[in-house]
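> I'll drop the sequence and a predicted model, then ask my questions.
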Amino acid sequence: MKTSILHDPKWSIDSLSALRAACTALPGVDAAAQQQIADREAELTKPAGSLGRLEELTRWLGGWQKRAQPQLERVQILIFAGNHGVVRQGVSPWPQDVTSQMVQNFETGGAAINQLARVADARLRVVPVHDLASTADFTTAPAMTEAAFLEAVQTGYDAVPRACDLLCLGEMGIGNTTAASALAAALFGGAGADWAGRGTGLDAPGVAHKARVIDAALAFHKAEMAATQGAAEAVAGFDPLEIARRLGGYELAALLGATLAARHYGIPVLLDGFVCTAAVAPLARLAAGGLDHTRLSHCSAEAGHARLAEKLGLVPLLDLGLRLGEASGAALAVPLLRAAVACHNGMATFAQAAVSGRT
Ligand SMILES: O=C(O)c1ccc[n+]([C@@H]2O[C@H](COP(=O)([O-])O)[C@@H](O)[C@H]2O)c1
Ligand SMILES: Cc1cc2nc[nH]c2cc1C
């Protein structure tokens, strides 16, 4: 017999309804730890609020870590990799083989993220999901079977180490900006043109073609879902997990599972770019506050990212024109968090430093 996910960390995700239940019964933040952090913050030798968002980040970290003194000793970067059947529609300028070739490059240390992980003093692990087999082309079929979708979610869930102070999430998958755009359109409304971007370097006609491919997928699944459920609702009216299964991908499903695991284990999460954000968006659609334990590391140059972030109420920490993926933005934001924690834990109070308070 399966025990509840809230009691058994090795819970197994064996049905969509079990996953839905887990996504809607999420543990909350430690308000007492957050209050202790706010109280200490008020005593530190600086005008109140003068460290701006760094102060909020410290409370966020400590609240989810359940610690009055947040720490960043064990920072883990996870990159999930997957392949996409929709590439046969000509939506990426790169061949599908690049996914496995880049996985190899991550393993041998030659990618941007290897350097950024070193700079961030973070451990890096790459997880090829579903053996890098392609999803189905979602313009004509659901991207994944229910069993394979759940297995990918479980792969992500199981990849999260319990002993971890911060999880940085990223992905690698040729064609996955098309999946992310389709997912965003289905979850938040709008057409392909509202969400399609250049990805790894499409030109303007390429982006227009990508938008048409996304429209075809949305039309197919709207009809399919209405037929099976006997309802003529908009796609956005359907279950977010079913949308993720139909329009997402294996690495996106794993990102969702990892973000869920982090919530259960009390690990704060830094999300990377557009693909990563779209992958976890179903959690926000299923439960208010479902992404409260996450922060968006950066705003990607990918066209739909700013819009998606706004829909989710996520305010990016950085805006550097990145459009790489592979957790690059998340890794870049780690030193910012280290700075926030160093100030909070290391600064003197007014009393300790004999600095006069406000008049
Ligand atoms: O997440 C983003 O913001 C992002 C923006 C542009 C490109 N990517 C990366 O580029 C790959 C997908 O691009 P594409 O054009 O093949 O859909 C995939 O490996 C992503 O990690 C990722
Ligand atoms: C070379 C290359 C590296 C990447 N890293 C993440 N997505 C990528 C896509 C390409 C094409």
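Structure's in. What do you need? Numbers count the residues shown, from 1 in each chain. Ligands and ions are numbered 1, 2, ... in the order given.

> contact partners for the residue nearest to residue 201 when sequence neighbours are not counted?
Closest residue to residue 201 apart from its sequence neighbours, by C-beta to C-beta, 6 or more residues apart in numbering: residue 93 at 5.1 Å. Using the backbone N, CA and C atoms, a C-beta is placed for each residue, glycine as well. By C-beta atoms under 8 Å, 6 or more residues apart in numbering, residue 93 lies in contact with 199, 200, 201, 202, 206.

> quick check: end-to-end length of stretch 78-90?
Using C-alpha to C-alpha, to the nearest Å, the end-to-end distance of stretch 78-90 comes out at 28 Å.

> also stretch 160-180?
Note: stretch 160-180 ends 22 Å apart using C-alpha to C-alpha.

> flag every buried residue along that stretch.
Across stretch 160-180, burial judged by 16 or more other C-beta atoms under 10 Å covers 160, 164-180.

> so which residue of the stretch 201-350 of the chain comes closest to ligand 1?
Proximity to ligand 1, evaluated over the stretch 201-350 of the chain using C-beta to the nearest ligand atom, is greatest for residue 325 at 2.0 Å.

> contacts for whichever strand or helix holds residue 21?
Using DSSP states H and E, the element containing residue 21 is helix 16-24. Residues from elsewhere that reach helix 16-24 (C-beta under 8 Å, 6+ apart): 2, 5, 11, 13, 146, 149-150, 153, 239, 241-242, 245, 260, 264, 282-283, 286-287, 290.

> take those and keep only those in helices.
146, 149, 150, 153, 241, 242, 245, 260, 264, 282, 283, 286 (DSSP state H).

> still on that earlier bit, wait, is the residue of the stretch 201-350 of the chain closest to ligand 1 part of a helix?
No. Residue 325 sits outside any helix when classified using DSSP: H, G, I helix; E, B strand; the rest coil, being coil.

> show me the contacts for it.
Applying C-beta under 8 Å, 6+ apart to residue 325 gives the contacts 170, 171, 172, 176, 272, 273, 275, 276.

> distance check, residue 145 against residue 194.
29 Å (C-beta to C-beta, to the nearest Å).

> neighbour count winner among these two?
residue 194 (16 against 13; other C-beta atoms under 10 Å).

> which strand or helix spans the more buried one?
helix 192-195.

> same for that helix, what does it pack against?
Helix 192-195 sits against helix 176-188, helix 204-229, helix 305-312, with contacts defined as 3 or more C-beta pairs under 8 Å, 6 or more residues apart in numbering; DSSP states H and E.

> what is the rounded mean pLDDT of the longest one?
The predicted model gives helix 204-229 an average pLDDT of 91.

> and the angle from that helix to helix 176-188?
Put simply, helix 204-229 runs at 50 degrees to helix 176-188, going by axes from the mean of the first three to the mean of the last three C-alpha atoms, to 10 degrees.

> in helix 204-229, what's buried?
206-207, 209-218, 220-222, 225-226.

> before we move on, what SS does the nearest residue to residue 106 once chain neighbours are set aside have?
Among residues not flanking residue 106 along the chain, residue 126 sits closest, at 4.5 Å (C-beta to C-beta, 6+ apart). Of the three states, residue 126 takes strand under three-state DSSP.

> only the buried residues of the helix holding residue 21, if you could.
Neighbour count says helix 16-24 has 16, 18, 19, 20, 22, 23 buried, by 16+ other C-beta under 10 Å.

> how far away is the second one from residue 332?
This means residue 18. 36 Å.

> flag every residue of this protein that's near ligand 2.
Within the chain, the positions near ligand 2 by C-beta under 6 Å from any ligand atom are 94, 98, 102, 172, 200, 324, 325, 326.

> what about these, which one has the most neighbours?
Neighbour max across these (other C-beta under 10 Å) = residue 172, 30 neighbours.

> quick one: pLDDT of it?
98.

> that one contacts residue 104, correct?
No. Applying C-beta atoms under 8 Å, one finds residue 172 not in contact with residue 104, separated by 10.8 Å.

> in three-state terms, label residue 168 for me.
Going by three-state DSSP: residue 168 is strand.

> for it, which non-adjacent residue is closest in space?
In space, residue 168 is closest to residue 330, 3.7 Å off (C-beta to C-beta, 6+ apart).

> output the ones in helices among the contacts of helix 16-24 as TSV; include the columns pLDDT.
Listed next are the ones in helices among the contacts of helix 16-24 as TSV, based on pLDDT from 0 to 100:
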residue	pLDDT
146	96
149	98
150	97
153	98
241	95
242	94
245	97
260	97
264	96
282	97
283	97
286	94
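
> fine by me, we can end here.
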